[in-house]
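J.: Build me a structure from this.
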Amino acid sequence: MKKLVLFIPLVVLIFISVILINGKTNISNSEAYEDNKQISALINGYSTEYNHEYKFATKKIEQILYGKWQVGDTVGYSLKYDITGGALDNGTIELSKTHFIKSTLSGSMYEYKKPVFVYYNETVEQMAKDDILGNFSGIEGIKPDTMGTVVVVMAISPHSINEYDFISTKFIIINNYVIAVDMYSFYQLQKCE
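T.: Reported below is the predicted structural model:
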């Protein structure tokens, strides 16, 4: 009987430990930064400036974005700025939980460390009025009421030791499209194999 009394609390303790460990492994890399004061301050500033409520990217969003991408043709355009292409023409983007690398045909390469992704959802019609995107025109053939996900990235720049900041490149996920937004140009991405 004495052994049973000792055994039951031990089983309960092991059960609770398994639940806590499993709960931590089910969160995304970005969600792990939810309590980071520096990240929270950046998000609060952006929320105020652009009037969006940001959520930390889920594992599903990260799985869509992680990998090496070839920058393809421009899709859509900025309704606010007269810019089409140039920033990432024929470049590549590589995303993982440890780095964000973008390189261009001209040989420029930018490497950021420890990216954290936040997102919000809005329709293509709302994107046309969204300042953070430079008022995206949308994609021919996709209806204005189609919901998409806008992903904003924070990371440590090569010029910093541990300071996070927003990266100018953003992403839009709509249907089967993954779009990189850089300097108000919109590029369709194709996953490299």
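J.: use CA for all of it now, contacts and neighbours both
T.: Noted.
J.: Pick out the residue closest to the middle of the protein.
T.: residue 117 (3.4 Å; CA atoms, centre = their mean).
J.: what's it in contact with, if anything?
T.: By CA atoms under 8 Å, 6 or more residues apart in numbering, the residues touching residue 117 are 30, 56, 57, 62, 151, 152, 153, 154.
J.: Need these in a markdown table (columns: secondary structure).
T.: Shown next, in a markdown table, are the contacts of residue 117 (DSSP: H, G, I helix; E, B strand; the rest coil):
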| residue | secondary structure |
| --- | --- |
| 30 | coil |
| 56 | strand |
| 57 | coil |
| 62 | helix |
| 151 | strand |
| 152 | strand |
| 153 | strand |
| 154 | strand |
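J.: Following element in sequence after the lowest-mean-pLDDT helix or strand in the chain, please.
T.: One helix or strand of the chain scores below all others by mean pLDDT, DSSP states H and E: helix 2-25, with a mean of 53. Moving toward the C-terminus from helix 2-25, the next helix or strand (DSSP states H and E) is helix 37-50.
J.: buried ones in that following helix?
T.: By neighbour count with 16 or more other CA atoms under 10 Å, helix 37-50 contains the buried residues 39, 43, 46.
J.: do the same with stretch 138-152
T.: Neighbour counts over stretch 138-152 (16+ other CA under 10 Å) mark 138, 139, 144, 147, 148, 149, 150, 151, 152 as buried.
J.: next one: the lengthiest strand in the chain to chain centre, how far?
T.: Within the chain, and with DSSP state E defining each element, the longest strand by residue count is strand 109-123. Chain-centre distance of strand 109-123: 3 Å, with CA atoms, centre = their mean, to the nearest Å.
J.: Averaged pLDDT, it. What do you get?
T.: Mean pLDDT, computed over strand 109-123, is 95.
J.: Who does that strand pair with, and is each partner parallel or antiparallel?
T.: Strand pairing for strand 109-123, using DSSP bridges, gives strand 55-56 (antiparallel), strand 99-103 (antiparallel), strand 147-156 (antiparallel).
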